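Undergrad: Predicted model, plus sequence, below.
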Amino acid sequence: MTGASRLLKGLLDRMAALLLLVVTAPLLIAIAIAVALDGGPIFVRQVRVGVGGREFKIIKFRSRIDSRTSRMGQFLRRFSLDELPQLFNVLGGSMSLVGPRPPLPSDVAEYASEGRRRLLVKPGMTGLWQVSGRSDPTWDEALRADLRYVQNWTLALDARIIVKTLRAVLRRTRHN
């Protein structure tokens, strides 16, 4: 992904993130109030590694208290709502809507050269392995899916991954 395609993806990501933030603003506010009432800070920031190996802070709704998942946190994680603040990361350009999930610096330190290829694109809120049908893939399975995404990226692939992600989230909502 170079030149015009990288620019187009970045522009589409930021426009979509802005639109999604506007549309979900009432939900984001409601979640923020609920998390605040649960005690403690509303957001957590975690250091992750992005494109080119640059570190950045990912933003999430707080879902844990004293290393235990809070009741509100369980709900947020069940429906991936704790990850909605990452739209601010997308808007700011440190993340994309679709791409490999952003790894921890300690994980990147152990990457072989093949694993480092994941860092050629911005990390995403969702990615190919998240919609592959496996809820808990092995490292090798996740890496293969991420590298397949990096090597075969197209706007159509991003659109398919986003649709599959929305279906998965809605399916969890309907079944619970």
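TA: All right, it came through fine.
Undergrad: quick one: secondary structure of F56?
TA: strand (DSSP: H, G, I helix; E, B strand; the rest coil).
Undergrad: can you count the residues close to the closest residue to P123 other than its chain neighbours?
TA: Taking CB to CB, 6 or more residues apart in numbering, and ignoring the residues beside it in sequence, P123 has P102 as its nearest neighbour in space, at 3.5 Å. (C-beta placed from N, C-alpha, C; glycine too.) Per other CB atoms under 10 Å, the neighbour tally for P102 reads 28.
Undergrad: Which residue, neighbours along the chain excluded, lies closest to the most centrally placed residue in the chain?
TA: Note on the chain: the residue nearest the mean C-alpha position is M125, at 1.9 Å, using CA atoms, centre = their mean. With CB to CB, 6+ apart as the criterion, M125 has its nearest non-adjacent residue at 5.0 Å, and that residue is Q86.
Undergrad: where's that neighbour relative to E110, distance?
TA: If you measure Q86 against E110 using CB to CB, to the nearest Å, the figure is 24 Å.
Undergrad: Looking at these two, which one has more neighbours?
TA: Comparing Q86 with E110 by neighbour count (other CB under 10 Å), the higher total belongs to Q86, at 23 against 9.
Undergrad: Go ahead and confirm that one touches K60.
TA: Yes. Q86 is in contact with K60 according to CB atoms under 8 Å; the separation is 6.9 Å.
Undergrad: from the middle of its chain, how far away would the helix or strand encompassing L19 be?
TA: Per DSSP states H and E, L19 falls inside helix 3-23. Averaging C-alpha positions (CA atoms, centre = their mean, to the nearest Å) puts helix 3-23 14 Å from its chain's average.
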